[in-house]
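[1] for reference, the sequence and a predicted model appear below.
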Amino acid sequence: MVKVYTIASGKGGTGKTTVTANLGAMLARYGKKTCILDADVGMANLGLILGLDELPVTLHEVLAGKARVRDATYEGPFGVKVVPSGLSLQGFQQSNPDRLKDVMTDLVSEFDILILDAPAGISRDGVIPLTLADGVILVVNPEISSIVDSLKTKILTETVGGHIEGAIINRVATSGNEFNTAQMEKLLGTRVIGVIPEDPNVRRASAGRTPVVVKYPASSASHAFKHIAADVAGIEYVEEETEEVKESFVERLARVLFRSKT
Ligand SMILES: Nc1ncnc2c1ncn2[C@@H]1O[C@H](COP(=O)(O)OP(=O)(O)OP(=O)(O)O)[C@@H](O)[C@H]1O
């Protein structure tokens with residue numbers, strides 16, 4: 001059975017697109033047939049951070065009834081399929097968000113997991129992705145304003161009959177007070193699926209138009225994304241081979257050097 005998740009937040013800039021790209025890539029890496037869609041049709045960003053722009057066909061054309069979704073589906077990192085949105089104002093004006101439901105219907109038979117990157121804030125168009133998901137995942141920054149905005153989105157989701165799957169807390173400071181997951185779960189009234197640290201590699205990777213899990217797989221943010229993807233995929237997280245090989249190589253080298261001296 002396909003699972004549809006919508007990545008949502010209160011205000012913009014909390015990291016929805018970053019989460020969509022990295023979670024989608026890791027789910028594909030774990031062998032799940034995954035498709036990520038940029039449902040933020042007015043402020044498309046997913047294609048930009050994945051190096052998929054200036055495309056002949058995007059979600060805009062699909063939502064305008066001019067193309068089929070398979071023509072707007074592109075190959076992303078680790079084989080994740082990506083349906084980016086267009087960048088033109090004209091394309092946005094012509095697209096009909098109500099058609100998103102038909103798009104999902106076309107995709108359900110082909111994938112295990114569909115992930116929608118929702119628009120920020122509370123808008124009429126933004127409600128549609130909330131209602132199409134089996135579970136809405138809130139991306140929250142560890143600040144009161146972000147928590148309050150996310151609570152508004154949570155209430156809206158539940159009001160329109162949607163279901164909150166949980167929250168991902170993004171950009172958590174690595175120094176200072178230790179992050180309190182239990183307290184955050186109490187405040188948000190939902191499960192914390194994972195905590196992603198503030199990590200400059202995330203920004204560096206997106207500047208290079210690659211998800212951090214691909215560009216800097218050993219970074220602290222990548223580590224968090226790998227755990228989150230395993231949780232969403234319902235599999236047990238196993239430490240990645242690349243990291244293990246690196247460590248055991250160093251250990252082995254140290255052992256060989258030590259032996260050769262004695
Ligand atoms: N964990 C992190 N550490 C450092 N920088 C991050 C992290 N997560 C996201 N960022 C940076 O924050 C900025 C905003 O992230 P992103 O575009 O994913 O947010 P968004 O919620 O999708 O924004 P919008 O609602 O405007 O589309 C980007 O420059 C991104 O690289």
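    Structure received.
[2] got the CA positions of whichever strand or helix holds Val195 in CSV?
    Take DSSP states H and E as the rule and Val195 turns out to sit in strand 192-197. Only the C-alpha atoms of strand 192-197 are listed here, as CSV (Å, rounded to 0.1, in the frame of the first residue of the first chain):
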residue,chain,number,x,y,z
VAL,A,192,9.0,13.9,17.3
ILE,A,193,10.2,11.7,14.4
GLY,A,194,13.7,13.1,14.4
VAL,A,195,15.9,16.0,15.3
ILE,A,196,18.2,17.5,12.7
PRO,A,197,21.1,19.7,13.9
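[3] next one: it to chain centre, how far?
    In terms of CA atoms, centre = their mean, to the nearest Å, the centre of strand 192-197 is found 12 Å from the chain centre.
[4] show me what that strand is in contact with.
    The contact list for strand 192-197 (CB atoms under 8 Å, 6 or more residues apart in numbering) reads 15, 19, 137, 165-174, 179, 181, 184-185, 220-221, 224-225, 227-228, 231-232. Where you see a C-beta, it was placed from the backbone N, CA and C, and this is true even at glycine.
[5] swap in stretch 91-102?
    Residues from elsewhere that reach stretch 91-102 (CB under 8 Å, 6+ apart): 39, 41-42, 58-65, 86, 116, 125, 128-129, 132.
[6] with stretch 152-170 instead?
    Contacts of stretch 152-170 (CB under 8 Å, 6+ apart): 5-6, 8-10, 14-15, 18-19, 122, 127, 130-131, 133-142, 150, 179, 181, 184, 188-196, 228.
[7] for that stretch, give the mean pLDDT please.
    For stretch 152-170, mean pLDDT is 96.
[8] show me where the stretch 51-200 of the chain has strands.
    Remark: strands assigned in the stretch 51-200 of the chain by DSSP state E, counting those that start in this stretch are 74-75, 81-83, 113-117, 135-140, 164-172, 192-197.
[9] doesn't Val238 lie inside a helix?
    No. Going by DSSP: H, G, I helix; E, B strand; the rest coil, the assignment for Val238 is coil, not a helix.
[10] give me the number of residues near it?
    Per other CB atoms under 10 Å, the neighbour tally for Val238 reads 10.
[11] residues touching it, list them.
    Going by CB under 8 Å, 6+ apart, the list of residues near Val238 is empty.
[12] pLDDT below threshold where in the protein?
    240-262 (pLDDT under 70).
[13] can you tell me the centre-most residue of it?
    The centroid of the chain falls nearest to Thr20 when counting by CA atoms, centre = their mean (1.7 Å).
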